[in-house]
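Q: Pasting a predicted model and its sequence here:
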Amino acid sequence: MDTYVWPQESLARVPYWVYQDPQNYARELERLFGGDTWNFVCLEADIPNKGDYRTNVVGAMPVIVVRDADGSINCFENRCAHRGALIAFDDSGNVQNQFKCIYHAWSYDLKGNLRGIAFERGINGVGGMPQGFKRENFGPRKLRTTTLCGLVFVTLSDRTPPIEDFIGEEILGRIRRVLNRPIKVMGRFVQALPNNWKLYVENVKDTYHASLLHLFFGTFRITRLTQGGGVLVSPDGGHHASYTIDKSEDRQTTAYRDQGIRTEADYKLADPSLLDTVKEFGDDIQLQILSVFPGFILQQIHNCLAVRQVVPRGTGEMELRWTYFGFEDDTPEMTRRRLKQQNLVGPAGFVSMEDGCVGGFVQRGIAAAGDQVSVVEMGGDGAESQATRATEASVRGFWKAYRHHMGY
Amino acid sequence: MDVSRLVELNAAYARAIDNEKYEEWPEFFLDPCLYKVTTAENVAQGLEAGVIYADSRGMLRDRISALRQANIYERQRYRHIVGLPVVLDEKDGTAETETPFLIVRIMRDGRMEVFATGCYRDKVRMDVANTPRFAERLVICDGARFDTLVAIPF
């Protein structure tokens, strides 16, 4: 692709090359994940003590996130300044005061500063590094780090605004609503998806599909477009929160049946304890899906809570990294409730299983359609918040932010 | 517990799933029970969550009715290769056993791939008819990655 020209000056059309083109992908790694954005890397609860670390990736860049002695959190590239080897190769662990590269034992402090070089002065005065070599001039790249409600975000850019300004007050309030007290990690899973990462992010933002694709949602009234709810989109378009309000729905509604839509099946659970929900956030919102541009998702589906990180792996593949959580003050009953409701999500989720394959269906469907466009026009062509979920406003919001960062 | 009974139980369990007789699957469990699919890493870290979690036969049945009536996925089936069970402990009529497995997933288009390996960590008891059933079956996958989706139980 010589030039990246959007087919029309509209947010309601998206060219398919954007999911296929390797050069465009390289540009995304640089401008989105490596640009003026905050990227989720872990939970504070993942690294509670000094020296606790997790490894992750920001776009293509491997990083180490580590708790420092003063309680702050540092993040630096997981690449030895010497020959470029990974400094840490486990998913997580604890180091006392330093990381040591296994290749030639160069060592780094918890801030990512190069501190030690094995045989720096040689052996018996022979060999070693030249006198003029300055350790402080070498080291893995450091990322700016910030925390928000127990979430840890990092950025490679000096220009990224503070996280609160980046996300905006409205969506921020929806994060604070859920993450209002210390959390407890309940499990981690990785789901490999056979599609471009953006197809998954769009799916998350797509309030239109939820009750149409997912029969489980519709039939059990977890969410239906005819229930109360809406979608909030940040002013820049990049972040969103969609929600469903649990109010007594008109049980006689025939909107779905009238449309002949598949989700109106008469489907009953043998053990409905799965949906035994308690209101825990002091409101009637029973479902809230929230995204932070480019690849972070916070999910509250009844009492099932999780964060998801979108990790791009080339044009046609991605990883979705799930961390299920509850709160430190959960009772055993609440823990059991969450364990049951976790059946709703993840790779085997009653309501999210289909999300694992629809992206792949699109990726395969558009194989010969790089010069064609998709239609994203439900609810018009704007990207503003709407008091309905029969809209693709937040998907258009994604493209608004995407085009801004990519310079399209 | 006689190991041959455990071998028989595991063979029948795998056969039911591999032959797509999913409705038979809940019958291999007592009620209440515990069935969970998780990873070795979560188990090592004491993390309780599962990608599938059921504590009653009803919940197991719901898995199958969702599979049949609700969930959408490309047609696929499994081939289980189940190893020999080791009895780790036995008391009050309950045998704690561990059995390795390998699952190959066969897709609609004929693709075959190793989908999961791991071990079953089970608690097995005789039911009223003196047939061994699972009071507990923890499916502990070796890897932390699941490809695309998990529709059929392990």
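A: Good, I have the coordinates. Numbering: from 1, shown residues only, chains lettered A, B, ... in the order given.
Q: can you tell me if the top helix by length along chain B touches chain A.
A: Determined from DSSP state H, the single longest helix within chain B is helix B:3-18. No. Using Cβ under 8 Å from any Cβ of the partner chain, helix B:3-18 never reaches chain A; the gap is at least 14.2 Å. Using the backbone N, CA and C atoms, a C-beta is placed for each residue, glycine as well.
Q: burial count for the residue in chain B that chain A sits nearest to?
A: Nearest residue of chain B to chain A (Cβ to the nearest Cβ) works out as residue B:49 at 2.7 Å. The number of residues packed near residue B:49 is 26, by other Cβ atoms under 10 Å in any protein chain shown.
Q: surely it meets residue A:305?
A: No. Contact between residue B:49 and residue A:305 fails when scored by Cβ atoms under 8 Å: they sit 10.7 Å apart.
Q: and for the two, which residues touch both?
A: Residues touching both residue B:49 and residue A:305 (Cβ atoms under 8 Å, 6 or more residues apart in numbering or on different chains): A:324, A:338.
Q: As a check, name the ranges of all strands in the stretch 201-350 of chain A.
A: Using DSSP state E, counting those that start in this stretch, the strands found in the stretch 201-350 of chain A span residues A:228-233, A:240-245, A:285-292, A:296-301, A:304-312, A:318-327.
Q: ditto for chain B
A: Using DSSP state E, the strands of chain B run over B:29-39, B:52-54, B:76-82, B:86-91, B:94-107, B:112-126, B:132-141, B:145-147.
Q: One more: the stretch 1-150 of chain A?
A: A:13-15, A:39-43, A:52-58, A:61-67, A:73-77, A:92-94, A:98-100, A:107-109, A:114-116, A:142-148.
Q: Which among those strands is found nearest to chain B?
A: Minimum separation from chain B across those (Cβ to the nearest Cβ) falls at strand A:92-94, 8.7 Å.
Q: Based on its surroundings, how many neighbours for residue A:390?
A: 14.
Q: Phi first, then psi, for it.
A: Per-residue torsions, residue A:390: phi -80, psi 60 (degrees, to the nearest 10).
Q: In contact with it, which residues?
A: So residue A:390 contacts A:207, A:208, A:225, A:378, A:379 (Cβ under 8 Å, 6+ apart).
Q: Could you report the distance from it to chain B?
A: Plainly put, residue A:390 is 21 Å away from chain B if you go by Cβ to the nearest Cβ, to the nearest Å.
Q: Tell me who's in contact with the residue nearest to residue A:372 when sequence neighbours are not counted.
A: Nearest residue to residue A:372 in three dimensions, chain neighbours excluded: residue A:16, at 5.4 Å (Cβ to Cβ, 6 or more residues apart in numbering or on different chains). Taking Cβ under 8 Å, 6+ apart, we find residue A:16 in contact with A:366, A:369, A:370, A:371, A:372, A:373, A:374.
Q: What residues of stretch A:361-370 count as buried?
A: A:362, A:363, A:366 (16 or more other Cβ atoms under 10 Å in any protein chain shown).
Q: check which helix or strand covers the second one.
A: Same thing as residue A:363. Assigned by DSSP states H and E, residue A:363 falls within helix A:355-365.
Q: Which residues does that helix contact?
A: Contacts for helix A:355-365 (Cβ under 8 Å, 6+ apart): A:19, A:191, A:193-196, A:199-200, A:203-204, A:209, A:213, A:316, A:347, B:72-74, B:148-149.
Q: Mind doing that once more with 6 Å?
A: A:193, A:194, A:195, A:199, A:200, A:203, A:316, B:73, B:148, B:149 (Cβ atoms under 6 Å, 6 or more residues apart in numbering or on different chains).
Q: and stretch A:126-146, C-alpha only, in PDB?
A: Only the C-alpha atoms of stretch A:126-146 are listed here, as PDB (Å, rounded to 0.1, in the frame of the first residue of the first chain):
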ATOM      1  CA  VAL A 126      43.700  -8.100  30.900                       C
ATOM      2  CA  GLY A 127      40.600  -7.700  28.900                       C
ATOM      3  CA  GLY A 128      37.500  -6.000  30.300                       C
ATOM      4  CA  MET A 129      35.700  -2.900  29.100                       C
ATOM      5  CA  PRO A 130      37.600   0.100  28.000                       C
ATOM      6  CA  GLN A 131      38.200   2.800  30.700                       C
ATOM      7  CA  GLY A 132      36.000   5.300  29.000                       C
ATOM      8  CA  PHE A 133      32.900   3.100  29.000                       C
ATOM      9  CA  LYS A 134      30.200   4.800  30.900                       C
ATOM     10  CA  ARG A 135      27.500   2.500  32.300                       C
ATOM     11  CA  GLU A 136      25.000   5.300  32.700                       C
ATOM     12  CA  ASN A 137      25.000   5.800  28.900                       C
ATOM     13  CA  PHE A 138      23.700   2.300  28.400                       C
ATOM     14  CA  GLY A 139      20.500   0.600  29.600                       C
ATOM     15  CA  PRO A 140      17.200  -0.500  28.400                       C
ATOM     16  CA  ARG A 141      14.700   2.200  27.500                       C
ATOM     17  CA  LYS A 142      12.500   3.300  30.400                       C
ATOM     18  CA  LEU A 143       8.800   3.800  30.200                       C
ATOM     19  CA  ARG A 144       6.700   6.300  32.100                       C
ATOM     20  CA  THR A 145       4.600   4.600  34.600                       C
ATOM     21  CA  THR A 146       1.300   5.500  36.200                       C
END
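Q: buried ones in that stretch?
A: Buried, per 16+ other Cβ under 10 Å, within stretch A:126-146: A:139, A:140, A:142, A:143, A:145, A:146.
Q: Over to stretch A:271-280?
A: A:271, A:274, A:275, A:280.
Q: and that stretch, how far apart are its ends?
A: Terminal residues of stretch A:271-280 lie 22 Å apart, using Cα to Cα, to the nearest Å.
Q: quick check: mean pLDDT across that stretch?
A: Per-residue pLDDT over stretch A:271-280 has a mean of 90.
Q: ok, that stretch near chain B or not?
A: Yes. For stretch A:271-280 and chain B, the contact criterion (Cβ under 6 Å from any Cβ of the partner chain) is met by residue A:271.
Q: How far away from the center of its chain is that stretch?
A: Averaging C-alpha positions (Cα atoms, centre = their mean, to the nearest Å) puts stretch A:271-280 26 Å from its chain's average.
Q: Same check on stretch A:344-363?
A: For stretch A:344-363, the distance to the chain centre is 16 Å (Cα atoms, centre = their mean).
Q: in chain A, which helix or strand is least confident?
A: Using mean pLDDT, DSSP states H and E, helix A:255-258 stands out as the lowest-scoring helix or strand of chain A, at a mean of 56.
Q: so residue A:393 makes contact with residue A:380?
A: No. Using Cβ atoms under 6 Å, residue A:393 makes no contact with residue A:380, being 7.7 Å away.
Q: more crowded one of the two?
A: residue A:393 (29 against 14).
Q: Show the contacting residues for residue A:172.
A: residue A:164.
Q: need the residues of chain B near chain A, please.
A: Counting by Cβ under 6 Å from any Cβ, the residues of chain B that sit close to chain A are B:42, B:47-49, B:51-53, B:56, B:58-59, B:61-62, B:66, B:69-73, B:144-150.
Q: Now for residue 124, how many residues are close by?
A: Unless you meant another one, I'm taking chain A. Using other Cβ under 10 Å: residue A:124 sits among 6 other residues.
Q: That was the other one, I meant chain B.
A: By other Cβ under 10 Å, neighbour count at residue B:124 equals 25.
Q: How about residue A:157?
A: Residue A:157: 14 surrounding residues under other Cβ under 10 Å.
Q: Model confidence for the residue lying farthest from the centre of chain B, exactly?
A: Distance from the C-alpha centroid of chain B peaks at residue B:109, with 25.0 Å (Cα atoms, centre = their mean). Model confidence at residue B:109, expressed as pLDDT, equals 92.
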